[in-house]
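**Student:** Structure here, sequence nowhere to be found:
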Ligand code: FE
C-alpha cells in the first residue's frame with residue numbers, strides 16, 4: 001500500500017496570473033509528489049503501514065525521526081495549502097471569522113499585511129500560519145517541514161508556503177510580491193472559515209496507506 005498525491009482542488013490554470021499552471025506542475029506535480037514518494041519508501045522499513053498521514057506525523061515527532069517528520073509534515077502542509085487557495089473573488093470570510101479578524105487585526109487588509117510580513121520575515125524555508133490559540137487568532141511561522149498539527153495549542157486556519165520552490169517560477173526572488181498577491185487575492189476564505197468550527201487537521205489527512 002502507498003499514499004497517493006491528492007489532486008489539486010481546482011484546475012491548474014484557475015489561479016492565473018497569480019499562480020501559473022507551470023508553477024503547479026512543479027510545486028504540486030514534482031515537489032509535493034516527491035514528499036509522498038519519500039514517505040511511501042519508508043512505510044515498510046519504519047513499520048508505518050496501516051497508519052494515516054496524521055498518525056505518521058505525530059509518531060515521527062514522538063520518535064524524534066527528523067527526516068520522516070519533515071517529509072510527512074510537508075505532505076500534510078501542502079494538502080492543507082492547496083485548500084487555502086481559490087480563484088480571485090470567489091470566497092469570503094464567514095460572519096464569525098470576519099468579526100474575529102476585525103477584533104484581532106482591525107480589518108482583513110490588515111491581517112493580510114501582518115501575515116505577509118511574517119512570511120517575508122521568515123528566514124529560509126518554512127510556512128507562515130494564521131492559527132487559533134484557544135479562541136485567539138495568532139500569526140506564526142514554522143521552519144522547514146514543521147507543521148502546526150503537532151502543536152496541540154494551535155489550530156491551523158490558513159497557511160502560505162514560503163519555500164523558494166513556492167514562488168521562484170512566477171515571482172523569481174520576490175517573496176514579498178508573492179505573499180501579498182496570494183494572500184491578498186486568491187485565499188479560499190470559505191475553507192479558512194470552515195476551519196474555525198471544523199476539524200482543520202483532518203481536512204488535510206490522508207487515509208491509512
Ligand atoms: Fe511547497
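**Tutor:** Ah, there it is. All values derive from a computational prediction rather than experimental measurement.

**Student:** burial count for the residue lying closest to residue 79 once chain neighbours are set aside?
**Tutor:** Nearest non-adjacent residue to residue 79, counting by Cβ to Cβ, 6 or more residues apart in numbering: residue 204, 3.7 Å away. Quick note: C-beta positions are derived from backbone N, CA and C, even for glycine. Neighbours of residue 204 under the rule other Cβ atoms under 10 Å: 23.

**Student:** how close does residue 204 sit to residue 173?
**Tutor:** 28 Å (Cβ to Cβ, to the nearest Å).

**Student:** again, but for residue 13
**Tutor:** 24 Å.

**Student:** At the contact with the ion, which residues of this structure appear?
**Tutor:** Contacts of the chain with the ion, taken as Cβ under 5 Å from the ion, map to 161, 163, 166.

**Student:** about what we covered before: where's the residue nearest to residue 79 relative to the ion, distance?
**Tutor:** 13 Å (Cβ to the ion, to the nearest Å).

**Student:** Was I right to think that residue contacts residue 72?
**Tutor:** No - using Cβ atoms under 8 Å as the test, residue 204 is too far from residue 72 to be in contact (11.6 Å).

**Student:** Any chance you could list residues touching both of the two?
**Tutor:** By Cβ atoms under 8 Å, 6 or more residues apart in numbering, residue 204 and residue 72 have these common neighbours: residue 53.
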